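Colleague: build the 3D model from these lines:
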Amino acid sequence: MHRNSRGTMVERIAEVLALVRARISGAQREHIERFVQAHYRQVDPEELADRLPEDLYGAAISHWNFAARRPAGSARVRVFNPTVEEHGWQTSHTVVQIVNDDMPFLVDSVTMAVNRRGLTLHHIIHPVLAVNRDVSGRLAGLARQDEADSSGRESWMHIEVDRLGDPAEMEALANEISQALADVRVAVADWTTMRGKIAAVLAEIARRPPPLDPGELAEGRAFLEWLADNHFTLLGYRCHDLVNVDGEDALRAVPGSGLGVLRETEAEKLSASFAKLPPRVREQARVPELLVITKSNSRSTVHRSGYLDYVGVKRFDESGAVCGEHRFLGLYTSTAYMATPAQIPLLRRKVAAVVARAGLPPQSHAGKALTNILDTFPRDELFQISVDELFDIATGILRLGGRQRFRIFVRPDRFERYVSCLIYAPRENYSTELRRRWQGILESAFGGDATS
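Modeller: Residues are numbered from 1 along each chain as shown. Down below sits the predicted model:
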């Protein structure tokens with residue numbers, strides 16, 4: 001930080017503190033002074049310099065007063081347009097104030113909620129504070145240094161987004177953020193229990209192995225162990241029974257089994273996503289296999305945007321027939337994407353099968369090119385694709401070689417919910433305009449919507 005920027009920040013915070021001392025008396029003054037310092041400590045000096053001390057003071061005091069009472073285990077959210085006349089301070093943006101227990105994924109999840117409303121996030125302040133509250137949730141003040149370990153740690157967010165003039169739009173934004181915070185809360189609260197479910201599933205498989213190929217079983221168990229080893233951010237779990245309802249297969253939730261974002265309500269008994277599948281696809285539920293790896297049809301509201309990753313572990317009864325599933329929803333971690341396929345159970349088996357089928361000498365130009373194609377193949381695709389599909393696409397890419405030509409590779413989802421397309425083009429021909437044309441062609445051809 002340049003000396004002049006640092007100096008500007010110190011001077012501006014000092015001006016705000018002077019307003020605190022001039023306008024606030026009593027025991028609260030010390031707490032609010034400490035809060036103002038914590039509130040603005042990490043803010044870009046240029047942003048502080050662009051704002052009047054009165055507006056910085058007003059924003060901080062407004063947040064402090066908003067946090068005055070918060071029942072344990074809840075989040076407080078409000079969205080409003082501050083004005084000098086009504087609030088004593090102003091900004092050109094719509095303001096979101098949040099007070100919540102400190103936990104992982106908060107900033108990412110709130111940012112995603114703002115983006116889902118089509119808004120731009122212009123400014124965020126996010127101090128994590130050690131506070132003292134009484135049993136009713138009333139804020140007694142910031143914790144002293146010697147109390148910090150025993151006090152509650154809270155996340156206080158001040159966010160500014162595009163100006164909203166419609167009260168209904170502001171309410172919708174508040175609801176979107178509140179739901180995201182609720183999803184974060186249950187996912188974090190149930191994480192340890194969900195991780196324990198993976199261990200329980202592994203113990204169940206060891207105790208009564210399903211009637212499957214020993215190699216498939218061993219690789220499946222290794223994959224579940226790999227997931228539990230910090231390669232999968234668990235966000236939801238539920239156990240289902242495979243039942244027959246009116247002559248058709250259905251998945252019925254085991255009461256009380258839902259965890260994280262899959263905590264069930266009283267109305268949720270049969271899996272709605274399974275019921276929407278065509279009959280011929282639902283028949284796959286009875287196929288004897290250990291794992292079903294795909295994408296959920298629900299977007300993540302926690303941590304990272306995109307469709308949730310779905311790992312289903314089929315359950316087998318005493319006769320060896322499929323009788324249900326353990327369903328895990330979450331997101332693969334960054335370490336899962338950085339590892340090579342040879343380091344990941346299931347993927348290493350797929351890749352080895354493709355290499356063996358291709359029969360290319362490992363040290364040949366073509367053999368090395370195939371290995372590179374498989375190592376750099378889109379990771380989400382590699383988790384879901386079958387060996388046959390991977391062989392066809394990988395060798396198709398290999399045949400392109402250095403030829404300057406366009407090529408598309410299409411893979412329908414086994415559950416007929418989406419189509420994955422890989423498009424290859426000469427580097428010098430690629431442009432944003434061309435990408436948009438491709439998007440329009442694919443949307444028209446498949447009658448769907450493009451997603452990011």
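Colleague: so for the nearest residue to Val254 once chain neighbours are set aside, what's the pLDDT?
Modeller: Of all residues not flanking Val254 in the chain, Cys239 sits nearest, at 4.2 Å (Cβ to Cβ, 6 or more residues apart in numbering). (Each C-beta comes from the backbone N, C-alpha and C, glycine too.) You'll see Cys239 listed with a pLDDT of 96.
Colleague: again, but for Arg282
Modeller: Predicted confidence (pLDDT) at Arg282: the value is 93.
Colleague: separation between it and Pro412?
Modeller: To Pro412, Arg282 is 16 Å away according to Cβ to Cβ, to the nearest Å.
Colleague: again with Gly165
Modeller: Per Cβ to Cβ, Gly165 is found 45 Å from Pro412.
Colleague: between these two, which is the more surrounded one?
Modeller: Pro412 (12 against 8; other Cβ atoms under 10 Å).
Colleague: so which bits of stretch 187-201 are buried?
Modeller: Across stretch 187-201, burial judged by 16 or more other Cβ atoms under 10 Å covers Ala187, Val188, Asp190, Trp191, Met194, Arg195, Lys197, Ile198, Val201.
Colleague: show me the domain layout of this protein.
Modeller: The chain breaks down into these domains under automatic domain parsing: 3-189, 192-337, 353-446.
Colleague: assign a three-state SS to Arg327, would you?
Modeller: At Arg327 the chain is in strand, as set by DSSP: H, G, I helix; E, B strand; the rest coil.
Colleague: ok, what's across the strand from it?
Modeller: Arg238, Gly312 (DSSP bridges).
Colleague: so who does it touch?
Modeller: Gly236, Tyr237, Arg238, Cys239, His240, Leu262, Tyr310, Val311, Gly312 (Cβ atoms under 8 Å, 6 or more residues apart in numbering).
Colleague: let's go with 10 Å and repeat that
Modeller: Neighbouring residues of Arg327 by Cβ atoms under 10 Å, 6 or more residues apart in numbering: 236-240, 251, 253, 257-258, 262, 271, 273-274, 292, 296, 310-313.
Colleague: next secondary structure after the lengthiest helix in the chain?
Modeller: Determined from DSSP state H, the single longest helix within the chain is helix 167-189. Sequence order places helix 191-207 as the next helix or strand after helix 167-189, per DSSP states H and E.
Colleague: flag the shaky bits of the stretch 51-200 of the chain, pLDDT-wise.
Modeller: 148-150 (pLDDT under 70).
Colleague: now do the helices in it.
Modeller: Under the criterion DSSP state H, counting those that start in this stretch, helices of the stretch 51-200 of the chain are mapped to 53-66, 84-87, 106-116, 167-189, 191-207.
Colleague: how about the stretch 251-400 of the chain?
Modeller: For the stretch 251-400 of the chain, applying DSSP H, counting those that start in this stretch gives helices covering 272-275, 279-282, 334-338, 347-358, 365-375, 379-384, 387-400.
Colleague: put the alpha carbons of the longest helix of the chain into CSV.
Modeller: C-alpha atoms of helix 167-189 as CSV (Å, rounded to 0.1, in the frame of the first residue of the first chain):
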residue,chain,number,x,y,z
PRO,A,167,-39.8,-2.6,-3.2
ALA,A,168,-40.8,-6.1,-4.6
GLU,A,169,-37.4,-6.4,-6.2
MET,A,170,-35.7,-5.5,-2.9
GLU,A,171,-37.8,-8.1,-1.1
ALA,A,172,-37.0,-10.7,-3.7
LEU,A,173,-33.3,-10.0,-3.2
ALA,A,174,-33.6,-10.3,0.6
ASN,A,175,-35.4,-13.6,0.2
GLU,A,176,-32.8,-14.9,-2.2
ILE,A,177,-29.9,-14.1,0.1
SER,A,178,-31.8,-15.4,3.2
GLN,A,179,-32.4,-18.7,1.4
ALA,A,180,-28.7,-18.9,0.4
LEU,A,181,-27.7,-18.3,4.1
ALA,A,182,-30.1,-21.0,5.2
ASP,A,183,-28.6,-23.5,2.8
VAL,A,184,-25.1,-22.6,4.0
ARG,A,185,-26.2,-23.1,7.6
VAL,A,186,-27.6,-26.6,7.1
ALA,A,187,-24.8,-27.7,4.9
VAL,A,188,-22.2,-26.6,7.4
ALA,A,189,-24.1,-27.8,10.4
